[in-house]
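>>> Attaching a predicted model along with its sequence, questions to come.
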Amino acid sequence: MAKKKKKDVIPQRSYSIYFIPIIIIFGFIIYSNTFQVPFLFDDTMILENQELQNGSIFAKVNAPRYVGLITFALNYQLHRFNTTGYHIVTILIHIANALLVYLLVKKLIELKSLHGNSNYLLYVPIMTALIFLVHPAQTQAVTYISQRITALAAFFTLASVILYIKFRIKESRSFGYLVLSLVCAVLAYKTKENTATLPVIIAIIEYIFLQSSKINLKQKVLYILPYFLLVAVIVISFVHINAQFEDVLTRMAEKSKETEMISRSQYLITEFRVVVTYLRLLLIPVNQCIDYFYPLSASFFEMRTLFSFLIIAALCAAAFAGLKKYPLSSLGIFWFLIFLIIESSLIPIRDVIFEHRMYLPSVGFILALVSFLFIIVPDSFKRGLAIALLCIVIVLSIATYNRNKVWGSAISLWEDAVKKYPQNLRNHVNLAVSYAEKERYDDAIKEFTIGLPKNTRNGEGSMQFARCYFKKGMVEQGMEWIDRAVKLNPYSLPILYGAATIYMEQNNYELALKTLNYAYNVNKSDMVINGLLGRANCSVGNLDKALFFFDEAIRINSSFAEGYHDKGLCLFRNRKIIESRPSFLRCLEIEPTLTDSYYFIGVSYEMEKNITNAARYYEQAIARSPQGSIISVKAQERLSKLPSP
């Protein structure tokens, strides 16, 4: 009797045990060069968010994107402006998402009993999860700190779908899974608005994968209905909970149109092309950029717009046609398109394209492609296909690692953007700002000249341009650009205190105080304005006024380290050296990297003839300050002159 051929099977639990550490290791390896990536671009939402920094955001449950914001607030409490902690959290979320993708695909295959041959069940979930994990299109959502919101929203969305499936397939209906799924749905809605289409995906999964269920249509509707109803939390986040119905409608109409510069119809037809661009980036991830130049479509009947629409229509047709024969691929197509609807349809957004918008939709695209390949390839070639896909995973991993190198500094990121899309003036401005921060003022002026035409309405860019001229000693040109910025943005606090800061750097305290007093009348409770008023008044000898404004700034935000430092410095310069010490000590409690404080504390102890403490703080100042810096040199001089304790 011939021996039965042994099936090529690896027990499910066995390969799951090996796969989880592989995902974790791969994830950290390809993002290992991102831990020191600085705050960039829109990360000002963390750097300049007083509510986030002083912890008051925790009480504002109705704030849009509340869940994402509180994760940043927790990071801030733990790490302040050290970005490593922020990156570790986001990488962990991304790895968790890859594991959830694996679990979701595995569960969907089991629901349809699609595997027949165990290789299908083995390879498809693994390859889908691995490609999702390592794809360079995900770098903007993972490496760009503020876009953690995108990855976190995907986490709650995937968890909600998996928990719903677990609820539905339990023989003894366990409503605990349903409740947990709904909780995750609410957390997704409170993280990012693009998750509002989650109920549609759940309904599609119900239709495609759970048709054989014994429950009737009415019960199915009752199970899915709460997901649709809970989308209201997104609406409530943008309006006052006690607002009149007419006010709610008006407010939502405003919020559903971020910019008046693009009509809904023009945005929609432009997004046909954008969606096809996303498809191209997922298939061939080359020429990636943080900020694309993407001209708007003028007409639906433009060749490229019409062609893009036909591609999307063909995808939809393929998804409907493949419902029975290719259910996973059909779901993948629907997933990709439906999770793009919020940001790629009738809600005009200033920027028509950003790579992070692909993050959650990409799960569907990858699932559709991988599952289709494993269905059409004969069983005898499935292992070969898996090896080929594994090679692709390695290539994508290298591409992701290299793409993350570009994110290593603001200069490298914006030089890359200018090189690829020089037509985008914002790229030139951001590169100029990056050069200016590194004191490369000639390079900065060159880029500002390209990025800021004479009719610009970019007040913040104009302010930065002015600063470069002042640094080069070109005062007249600098004043011209400051005047332009303030006239264009008379109520913008960042512009006003930016102007005041430049005036103080030029020792023009009359203009600085005039600007700051005007800004104070615009908003008396702004921490930065109060802090700058403290500095300006201290510089002109108004100590009492200075202390009043410093105390106001600290009252507004008790974690305002710079406020404590500036208050201490003001007291120190007014010969109240010992009185300055509590402010410097409090500054270091909040932000130990403000190393000048160690030196001033050392001086205060020296004045009290406390040689031991004075020496200790001078040593700290020397150890923590850059070698050869003014503070380091001063601390060494004073330390060398201290008598032996």
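Perfect, I can see it now.

>>> what are the ranges of the strands in the chain?
Counting by DSSP state E, the chain has no strands to list.

>>> what about the longest helix in the chain?
Counting by DSSP state H, the longest helix found in the chain is helix 83-112.

>>> got the buried residues for it?
Of the residues in helix 83-112, 83, 86-91, 93-111 count as buried by neighbour count, 16 or more other CB atoms under 10 Å. From N, CA and C alone the C-beta is placed, and that goes for glycine too.

>>> mean confidence for that helix?
Throughout helix 83-112, pLDDT has a mean value of 94.

>>> and that helix, what does it pack onto?
For helix 83-112, the contact count by 3 or more CB pairs under 8 Å, 6 or more residues apart in numbering; DSSP states H and E identifies helix 12-30, helix 66-79, helix 118-134, helix 139-143, helix 148-169, helix 198-209, helix 327-338, helix 359-376 as packing neighbours.

>>> what's the closest of those to Arg403?
helix 139-143 (4.9 Å; CB to CB).

>>> Would you agree Arg624 is in contact with Asp596?
No. Contact criterion CB atoms under 8 Å: Arg624 and Asp596 do not qualify, at 9.6 Å.

>>> which stretches of the stretch 201-350 of the chain form helices?
Counting by DSSP state H, counting those that start in this stretch, residue ranges of the helices within the stretch 201-350 of the chain are 217-229, 232-237, 245-255, 264-283, 303-321, 327-338.

>>> Pick the most buried one from the ones you listed.
With neighbours defined as mean count of other CB atoms under 10 Å, those peak in mean count at helix 327-338, which reaches a mean of 23.

>>> Residues contacting that one, please?
Residues from elsewhere that reach helix 327-338, judged by CB atoms under 8 Å, 6 or more residues apart in numbering: 105, 108-109, 112, 114, 124, 197, 200-201, 204-205, 208-209, 275, 312, 315-316, 318-320, 322-323, 361-369, 371-372, 375.

>>> chain center to stretch 420-439, what's the gap?
20 Å (CA atoms, centre = their mean, to the nearest Å).

>>> what comes up buried for it?
Neighbour counts over stretch 420-439 (16+ other CB under 10 Å) mark 420-421, 424-436 as buried.

>>> What does the spatially closest residue to Val274 that is not a sequence neighbour show for phi and psi?
Among residues not flanking Val274 along the chain, Ile353 sits closest, at 4.8 Å (CB to CB, 6 or more residues apart in numbering). As for Ile353, its main-chain torsions (degrees, to the nearest 10) stand at phi -140, psi 130.

>>> What residues does Ile353 make contact with?
Val274, Thr277, Tyr278, Tyr292, Tyr294.

>>> give me that answer again for 6 Å
Counting by CB atoms under 6 Å, 6 or more residues apart in numbering, Ile353 makes contact with Val274, Tyr292, Tyr294.

>>> Need those in CSV (columns: distance to Trp414).
Below are the contacts of Ile353 laid out as CSV (distance: CB to CB, whole Å):
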residue, distance to Trp414
Val274, 22
Tyr292, 13
Tyr294, 17
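
>>> of the residues you listed, closest to Pro136?
When the contacts of Ile353 are ranked by distance to Pro136 (CB to CB), Tyr292 comes first, at 15.2 Å.

>>> Relative to Val352, how far out is the closest one?
In this structure, Tyr292 and Val352 are separated by 8 Å, where distance is defined by CB to CB, to the nearest Å.

>>> tell me the most buried of the helices and strands packed on helix 83-112?
Each of these was given a mean neighbour count from mean count of other CB under 10 Å, and the largest, a mean of 26, is that of helix 139-143.

>>> from what I can see Arg581 touches Ser604, true?
Yes. Counting by CB atoms under 6 Å, Arg581 touches Ser604, with 4.2 Å between them.
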